[in-house]
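J.: Below is the sequence, then the predicted model.
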Amino acid sequence: MAPILTVENLTMRFGGLTAVRDVSFAAAPGAITAVIGPNGAGKTTMFNCITGFYRPTSGSLTLRHEGREVALHRLAGHRIARAGVARTFQNVRLFAGMTALENLLVAQHRTLMAATGFGIGAVLGLSGYHAAEQAAIGRATAWLEACGLIDRADDPAGSLPYGAQRRLEIARAMCTEPALLCLDEPAAGLNPRESLALGELLRAIRDGKAAEGAAPCSILLIEHDMGVVMGISDHIVVLDHGSKIADGPPAAIRADDKVIAAYLGEGDEDEEGAA
(Lines give C-alpha, C1' and ligand atoms only; values in the text may rest on other atoms or scores of the structure.)
Protein backbone atom coordinates (compact mmCIF):
# COMPACT_ATOMS: atom_id res chain seq x y z
CA MET A 1 0.00 0.00 0.00
CA ALA A 2 1.32 3.46 -0.91
CA PRO A 3 2.49 5.69 1.96
CA ILE A 4 0.10 8.41 3.10
CA LEU A 5 3.09 10.78 3.41
CA THR A 6 6.38 10.62 1.51
CA VAL A 7 9.22 12.94 2.50
CA GLU A 8 12.00 13.01 -0.09
CA ASN A 9 15.37 14.75 0.31
CA LEU A 10 13.87 17.44 2.54
CA THR A 11 16.27 20.28 3.32
CA MET A 12 15.55 23.48 5.25
CA ARG A 13 18.13 26.24 5.58
CA PHE A 14 17.97 29.48 7.53
CA GLY A 15 20.75 31.62 6.10
CA GLY A 16 23.95 29.69 6.78
CA LEU A 17 22.26 27.23 9.17
CA THR A 18 20.96 23.93 7.79
CA ALA A 19 18.26 22.80 10.24
CA VAL A 20 17.14 19.78 8.21
CA ARG A 21 19.49 18.07 5.77
CA ASP A 22 18.39 15.72 2.97
CA VAL A 23 15.84 13.77 5.07
CA SER A 24 13.71 11.06 3.43
CA PHE A 25 11.14 8.72 4.96
CA ALA A 26 7.61 7.42 4.42
CA ALA A 27 4.62 7.25 6.79
CA ALA A 28 2.31 4.32 6.22
CA PRO A 29 -1.48 4.77 6.12
CA GLY A 30 -3.29 3.60 9.23
CA ALA A 31 -0.10 3.80 11.30
CA ILE A 32 1.47 5.91 14.02
CA THR A 33 4.84 7.25 12.87
CA ALA A 34 7.02 8.95 15.48
CA VAL A 35 9.86 11.38 14.82
CA ILE A 36 12.36 11.47 17.67
CA GLY A 37 15.80 12.88 18.36
CA PRO A 38 17.77 14.99 20.85
CA ASN A 39 16.98 18.69 21.31
CA GLY A 40 17.99 20.65 18.23
CA ALA A 41 17.73 17.62 15.94
CA GLY A 42 15.42 19.44 13.50
CA LYS A 43 12.15 17.71 14.41
CA THR A 44 9.95 20.77 14.76
CA THR A 45 11.49 22.41 11.70
CA MET A 46 10.58 19.35 9.66
CA PHE A 47 7.05 19.39 11.12
CA ASN A 48 6.71 23.04 10.18
CA CYS A 49 7.67 22.18 6.60
CA ILE A 50 5.13 19.35 6.45
CA THR A 51 2.31 21.50 7.85
CA GLY A 52 3.02 24.61 5.80
CA PHE A 53 4.58 26.99 8.31
CA TYR A 54 7.87 26.85 6.39
CA ARG A 55 8.48 26.40 2.67
CA PRO A 56 11.32 23.83 2.32
CA THR A 57 14.55 24.99 0.73
CA SER A 58 14.51 21.82 -1.36
CA GLY A 59 12.97 18.37 -1.48
CA SER A 60 9.37 17.20 -1.76
CA LEU A 61 6.43 16.31 0.51
CA THR A 62 3.66 14.18 -0.98
CA LEU A 63 0.33 13.36 0.67
CA ARG A 64 -1.71 10.49 -0.77
CA HIS A 65 -5.35 10.31 0.26
CA GLU A 66 -8.54 9.05 -1.37
CA GLY A 67 -6.78 8.37 -4.65
CA ARG A 68 -5.20 11.82 -4.86
CA GLU A 69 -1.58 12.91 -4.64
CA VAL A 70 -0.93 16.38 -3.25
CA ALA A 71 2.49 18.07 -3.34
CA LEU A 72 2.42 19.74 0.08
CA HIS A 73 5.69 21.59 -0.48
CA ARG A 74 3.99 23.62 -3.21
CA LEU A 75 0.93 24.65 -1.17
CA ALA A 76 0.27 27.59 1.14
CA GLY A 77 -0.35 26.63 4.77
CA HIS A 78 -4.14 26.98 4.72
CA ARG A 79 -4.34 24.78 1.62
CA ILE A 80 -2.33 22.07 3.36
CA ALA A 81 -5.01 21.99 6.04
CA ARG A 82 -7.68 21.68 3.36
CA ALA A 83 -5.73 18.83 1.77
CA GLY A 84 -6.27 16.75 4.90
CA VAL A 85 -3.45 17.59 7.33
CA ALA A 86 -4.20 18.78 10.87
CA ARG A 87 -1.75 19.56 13.67
CA THR A 88 -1.36 20.49 17.30
CA PHE A 89 1.50 22.49 18.78
CA GLN A 90 4.12 22.04 21.47
CA ASN A 91 2.52 24.97 23.31
CA VAL A 92 -1.26 24.80 23.78
CA ARG A 93 -3.04 27.13 21.33
CA LEU A 94 -6.71 26.99 22.26
CA PHE A 95 -9.16 29.89 22.23
CA ALA A 96 -9.03 30.27 26.00
CA GLY A 97 -12.13 32.46 26.33
CA MET A 98 -14.33 30.15 24.27
CA THR A 99 -15.95 27.06 25.71
CA ALA A 100 -14.59 23.62 24.93
CA LEU A 101 -17.56 23.03 22.60
CA GLU A 102 -17.05 26.35 20.81
CA ASN A 103 -13.39 25.50 20.17
CA LEU A 104 -14.50 22.37 18.31
CA LEU A 105 -17.17 24.24 16.35
CA VAL A 106 -14.62 26.86 15.24
CA ALA A 107 -12.56 24.03 13.77
CA GLN A 108 -15.54 23.24 11.52
CA HIS A 109 -16.07 26.82 10.40
CA ARG A 110 -15.12 26.26 6.77
CA THR A 111 -17.38 23.20 6.45
CA LEU A 112 -20.27 25.09 8.03
CA MET A 113 -19.77 28.10 5.79
CA ALA A 114 -19.63 25.97 2.64
CA ALA A 115 -22.77 24.07 3.65
CA THR A 116 -24.68 27.31 4.13
CA GLY A 117 -23.62 29.14 0.99
CA PHE A 118 -20.91 31.01 2.92
CA GLY A 119 -23.35 32.55 5.38
CA ILE A 120 -26.26 33.32 3.10
CA GLY A 121 -28.22 30.26 4.19
CA ALA A 122 -27.73 31.15 7.84
CA VAL A 123 -28.95 34.72 7.32
CA LEU A 124 -32.03 33.55 5.43
CA GLY A 125 -32.76 30.76 7.86
CA LEU A 126 -32.64 28.05 5.20
CA SER A 127 -32.96 24.45 6.35
CA GLY A 128 -29.49 23.53 5.11
CA TYR A 129 -27.93 25.70 7.78
CA HIS A 130 -29.75 23.96 10.62
CA ALA A 131 -28.74 20.52 9.33
CA ALA A 132 -25.09 21.57 8.96
CA GLU A 133 -25.09 23.11 12.43
CA GLN A 134 -26.52 19.97 14.02
CA ALA A 135 -23.96 17.82 12.22
CA ALA A 136 -21.14 20.04 13.51
CA ILE A 137 -22.46 19.92 17.06
CA GLY A 138 -22.81 16.14 16.80
CA ARG A 139 -19.22 15.76 15.61
CA ALA A 140 -17.94 18.07 18.36
CA THR A 141 -19.93 16.21 21.00
CA ALA A 142 -18.58 12.86 19.82
CA TRP A 143 -15.00 14.09 20.16
CA LEU A 144 -15.66 15.62 23.58
CA GLU A 145 -16.95 12.21 24.63
CA ALA A 146 -13.91 10.47 23.12
CA CYS A 147 -11.52 12.74 25.00
CA GLY A 148 -13.38 12.54 28.32
CA LEU A 149 -14.42 16.18 28.21
CA ILE A 150 -18.18 16.06 27.68
CA ASP A 151 -18.80 17.23 31.26
CA ARG A 152 -16.67 20.32 30.57
CA ALA A 153 -18.28 21.21 27.23
CA ASP A 154 -19.57 24.58 28.46
CA ASP A 155 -16.48 25.53 30.46
CA PRO A 156 -13.98 28.04 29.06
CA ALA A 157 -11.09 26.17 27.49
CA GLY A 158 -8.63 28.26 29.49
CA SER A 159 -10.11 26.98 32.76
CA LEU A 160 -9.46 23.32 31.97
CA PRO A 161 -6.54 21.44 33.57
CA TYR A 162 -3.45 21.25 31.40
CA GLY A 163 -3.94 17.61 30.44
CA ALA A 164 -7.55 18.30 29.45
CA GLN A 165 -6.39 21.21 27.27
CA ARG A 166 -4.00 18.85 25.49
CA ARG A 167 -6.84 16.42 24.76
CA LEU A 168 -9.09 19.28 23.64
CA GLU A 169 -6.48 20.35 21.09
CA ILE A 170 -6.44 16.84 19.66
CA ALA A 171 -10.26 16.80 19.57
CA ARG A 172 -10.27 20.16 17.76
CA ALA A 173 -7.82 18.86 15.16
CA MET A 174 -9.91 15.73 14.63
CA CYS A 175 -13.04 17.81 14.03
CA THR A 176 -11.48 18.82 10.70
CA GLU A 177 -11.63 15.12 9.72
CA PRO A 178 -7.96 14.93 8.66
CA ALA A 179 -6.27 12.13 6.78
CA LEU A 180 -3.02 12.83 8.66
CA LEU A 181 -2.89 14.11 12.24
CA CYS A 182 0.42 15.77 13.17
CA LEU A 183 1.12 16.10 16.90
CA ASP A 184 4.00 18.16 18.29
CA GLU A 185 4.97 16.67 21.68
CA PRO A 186 1.43 15.75 22.79
CA ALA A 187 2.68 14.18 26.05
CA ALA A 188 4.68 17.24 27.13
CA GLY A 189 3.77 18.20 30.70
CA LEU A 190 1.55 15.16 31.28
CA ASN A 191 1.85 12.89 34.31
CA PRO A 192 2.28 9.11 33.81
CA ARG A 193 -1.45 8.40 34.12
CA GLU A 194 -2.29 11.08 31.55
CA SER A 195 0.44 9.82 29.21
CA LEU A 196 -1.00 6.32 29.37
CA ALA A 197 -4.49 7.64 28.59
CA LEU A 198 -3.05 9.68 25.71
CA GLY A 199 -1.50 6.57 24.21
CA GLU A 200 -4.84 4.77 24.36
CA LEU A 201 -6.57 7.73 22.71
CA LEU A 202 -4.03 7.91 19.87
CA ARG A 203 -4.28 4.20 19.16
CA ALA A 204 -8.07 4.53 19.05
CA ILE A 205 -7.78 7.49 16.64
CA ARG A 206 -5.45 5.47 14.41
CA ASP A 207 -7.94 2.60 14.33
CA GLY A 208 -11.06 4.77 13.85
CA LYS A 209 -12.46 3.69 17.22
CA ALA A 210 -12.11 6.88 19.24
CA ALA A 211 -15.36 8.63 18.32
CA GLU A 212 -18.63 7.57 16.78
CA GLY A 213 -18.52 7.89 13.00
CA ALA A 214 -14.79 8.64 12.90
CA ALA A 215 -12.65 7.10 10.15
CA PRO A 216 -9.19 5.65 10.84
CA CYS A 217 -6.56 8.39 10.85
CA SER A 218 -2.82 8.15 10.27
CA ILE A 219 -0.71 9.91 12.89
CA LEU A 220 2.71 11.58 12.68
CA LEU A 221 4.10 12.77 15.99
CA ILE A 222 7.14 14.35 17.59
CA GLU A 223 7.68 13.16 21.13
CA HIS A 224 10.38 13.13 23.83
CA ASP A 225 8.58 10.69 26.13
CA MET A 226 10.15 7.40 25.05
CA GLY A 227 7.59 5.43 27.03
CA VAL A 228 4.82 6.90 24.89
CA VAL A 229 6.83 6.53 21.67
CA MET A 230 7.78 2.90 22.19
CA GLY A 231 4.33 2.02 23.47
CA ILE A 232 2.23 3.28 20.58
CA SER A 233 4.42 3.75 17.49
CA ASP A 234 4.32 1.46 14.49
CA HIS A 235 7.37 3.13 12.93
CA ILE A 236 10.03 5.52 14.21
CA VAL A 237 12.27 8.01 12.40
CA VAL A 238 15.29 9.34 14.30
CA LEU A 239 16.94 12.69 13.55
CA ASP A 240 20.22 14.06 14.88
CA HIS A 241 21.74 17.40 13.94
CA GLY A 242 19.23 17.75 11.10
CA SER A 243 19.95 14.39 9.46
CA LYS A 244 18.17 11.04 9.62
CA ILE A 245 20.25 8.47 11.46
CA ALA A 246 17.71 5.62 11.77
CA ASP A 247 14.32 4.57 10.43
CA GLY A 248 12.40 1.43 11.42
CA PRO A 249 10.13 -0.38 13.90
CA PRO A 250 10.46 0.35 17.65
CA ALA A 251 12.43 -2.81 18.46
CA ALA A 252 15.07 -2.02 15.84
CA ILE A 253 15.33 1.62 16.91
CA ARG A 254 15.73 0.67 20.56
CA ALA A 255 18.74 -1.49 19.70
CA ASP A 256 20.34 0.82 17.13
CA ASP A 257 23.87 1.88 18.15
CA LYS A 258 23.61 5.24 16.34
CA VAL A 259 20.41 6.09 18.22
CA ILE A 260 21.92 5.11 21.56
CA ALA A 261 24.98 7.23 20.82
CA ALA A 262 22.86 10.24 19.82
CA TYR A 263 20.91 10.15 23.07
CA LEU A 264 23.64 9.05 25.50
CA GLY A 265 26.78 10.45 23.89
CA GLU A 266 29.95 8.62 22.93
CA GLY A 267 32.31 9.92 25.60
CA ASP A 268 32.34 6.96 28.00
CA GLU A 269 34.83 4.85 26.04
CA ASP A 270 37.14 7.83 25.53
CA GLU A 271 37.09 8.59 29.26
CA GLU A 272 37.82 4.97 30.12
CA GLY A 273 40.74 4.93 27.66
CA ALA A 274 42.14 8.13 29.12
CA ALA A 275 41.96 6.64 32.61
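T.: On my side now, so go ahead. Numbers count the residues shown, from 1 in each chain.

J.: Near the closest residue to residue 66 other than its chain neighbours, how many other residues are there?
T.: Excluding its sequence neighbours, the residue lying closest to residue 66 (CB to CB, 6 or more residues apart in numbering) is residue 179, at 7.5 Å. Quick note: C-beta positions are derived from backbone N, CA and C, even for glycine. Counted with other CB atoms under 10 Å, the neighbours of residue 179 add up to 21.

J.: check contacts around the spatially most central residue of the chain.
T.: For the chain, the residue nearest the mean C-alpha position is residue 182 (1.5 Å; CA atoms, centre = their mean). Contacts for residue 182 (CB atoms under 8 Å, 6 or more residues apart in numbering) come out as 47, 50-51, 85-88, 219-221.

J.: ok, back up a step: just confirm the residue nearest to residue 66 contacts residue 220, I think it does.
T.: No: taking contacts as CB atoms under 8 Å, residue 179 lies outside contact range of residue 220: 11.0 Å.

J.: Next one: the nearest residue to residue 235 once chain neighbours are set aside from residue 180, what distance?
T.: Leaving aside its sequence neighbours, residue 235 sits nearest to residue 33 (CB to CB, 6+ apart; 4.7 Å). Going from residue 33 to residue 180 by CB to CB, to the nearest Å gives 9 Å.

J.: Common neighbours of these two, please.
T.: The contact lists of residue 33 and residue 180 share 5, 27, 218-220, where a contact means CB under 8 Å, 6+ apart.

J.: Among those, name the ones in strands.
T.: If you go by DSSP state E, the shared contacts of residue 33 and residue 180 have 5, 27, 218-220 in strands.

J.: top of the residues you listed by neighbour count?
T.: residue 220 (27 neighbours).

J.: That residue bridge partners, please.
T.: residue 33, residue 182 (DSSP bridges).

J.: I figured it hits residue 183, correct?
T.: Yes: the criterion here is CB under 8 Å, and residue 220 meets it with residue 183 at 7.4 Å.

J.: mind giving me the domain split of the chain?
T.: 1-84+179-187+215-275, 88-176 (automatic domain parsing).

J.: where among those is the average confidence lowest?
T.: Lowest mean pLDDT of those: domain 88-176, a mean of 88.

J.: what distance separates it from the centre of its chain?
T.: 18 Å (CA atoms, centre = their mean, to the nearest Å).

J.: Quick one: end-to-end length of it, please.
T.: Across its full length, domain 88-176 reaches 12 Å between end residues, using CA to CA, to the nearest Å.

J.: Would you state the strands of the stretch 101-250 of the chain in chain order?
T.: 180-184, 218-222, 235-240, 243-248 (DSSP state E, counting those that start in this stretch).

J.: Now render those strands as TSV, adding distance to residue 166.
T.: Formatted as TSV, these follow (distance: least, CB to CB, whole Å):
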stretch	distance to residue 166
strand 180-184	10
strand 218-222	12
strand 235-240	21
strand 243-248	27
